[in-house]
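Undergrad: missing the sequence, but the structure's below:
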């Protein structure tokens with residue numbers, strides 16, 4: 001009887017793990033779909049073949065869409081080889097460009113992107129950085145109540161040897177008693193969604209040897225700050 005109970009428990013735990021993973025994958029794939037749809041609709045509405053800059057606009061639109069499609073494809077591939085998820089494929093990236101394109105896909109006038117530098121190089125996984133930004137920006141938009149005009153600020157800058165990315169919103173904020181719970185799976189203060197994103201974001205950032213911090217005040221808004229190191233070899237070569 002004990003062996004039978006242990007076997008049933010093990011089976012139940014495996015099934016629960018797969019259910020959670022299925023929810024996570026669905027969450028990650030759905031994240032870029034809404035901004036992609038909005039971007040396509042906006043492009044279709046504003047498309048003017050007589051525009052003197054139409055070729056540049058089409059190229060930029062295609063670049064944004066391909067980046068998001070590649071992200072979804074990589075997530076699906078990683079799920080196919082469960083043991084490798086989320087496998088890191090680090091490369092030298094211009095963090096400013098990747099974050100900017102991640103923000104542009106939302107095609108929202110309420111989102112403002114800021115960076116005093118055109119290029120900040122780090123060795124990161126492009127797909128996972130895009131996933132992080134998709135989650136944080138989507139959470140920021142969803143945190144703003146319907147009767148309030150959203151104002152989202154995304155900034156990329158450096159402090160010493162660190163790169164910082166901040167996502168600031170003017171949403172409902174998070175109460176102090178919930179600050180410790182915010183990165184737990186399935187915890188959410190939103191009216192929609194499963195609350196799986198922030199835990200995943202924290203795991204990815206820490207895999208970058210970085211940190212994720214949150215500062216929030218109810219009724220005022222929330223700021224998420226990602227910190228991770230610059231690519232040191234580049235700095236050494238410059239010296």
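TA: Yep, it's here. Here the structure is a predicted model, which is why all the values come from computation and not from measurement.

Undergrad: how much space between residue 208 and residue 124?
TA: As judged by Cβ to Cβ, to the nearest Å, residue 208 and residue 124 stand 6 Å apart. In this view, the C-beta of every residue, glycine as well, is placed from N, C-alpha and C.

Undergrad: what is in contact with these two at once?
TA: The contact sets of residue 208 and residue 124 overlap at residue 228 (Cβ atoms under 8 Å, 6 or more residues apart in numbering).

Undergrad: give me the nearest residue to residue 174, chain neighbours excluded.
TA: For residue 174, ignoring the flanking residues on the chain, the nearest one in space by Cβ to Cβ, 6 or more residues apart in numbering is residue 216 at 4.1 Å.

Undergrad: gap between stretch 111-119 and the chain center?
TA: The chain centroid and the centroid of stretch 111-119 are separated by 17 Å under Cα atoms, centre = their mean, to the nearest Å.

Undergrad: and it, what's buried?
TA: Residues of stretch 111-119 classed as buried by neighbour count (16 or more other Cβ atoms under 10 Å): 111, 113, 115.

Undergrad: doesn't residue 157 make contact with the last one?
TA: Read that as residue 115. Yes - at 6.6 Å, residue 115 counts as touching residue 157 under the criterion of Cβ atoms under 8 Å.

Undergrad: for the chain, which segments are assigned as strands?
TA: According to DSSP state E, the chain carries its strands in the segments 90-94, 111-115, 121-125, 152-159, 162-168, 211-217, 221-229.

Undergrad: same for the last one, what does it pack against?
TA: This means strand 221-229. With contacts taken as 3 or more Cβ pairs under 8 Å, 6 or more residues apart in numbering; DSSP states H and E, strand 221-229 sits against strand 121-125, helix 126-143, strand 162-168, strand 211-217.

Undergrad: the residue nearest to residue 174: how many residues sit nearby?
TA: For residue 216, the neighbour count with other Cβ atoms under 10 Å is 21.

Undergrad: who does it bridge with?
TA: residue 222 (DSSP bridges).

Undergrad: residues contacting it?
TA: In this structure, residue 216 makes contact with 173-174, 179, 222-223, judged by Cβ under 8 Å, 6+ apart.

Undergrad: any regions of the protein where pLDDT drops low?
TA: Judged by pLDDT under 70, the chain has its weakly predicted residues at 10-11, 13-15, 17-18, 21, 77-88, 184-197, 233-239.

Undergrad: residue 98 versus the closest residue to residue 153 other than its chain neighbours, what's the distance?
TA: Closest residue to residue 153 apart from its sequence neighbours, by Cβ to Cβ, 6+ apart: residue 168 at 4.4 Å. Distance, residue 168 to residue 98, using Cβ to Cβ: 19 Å.
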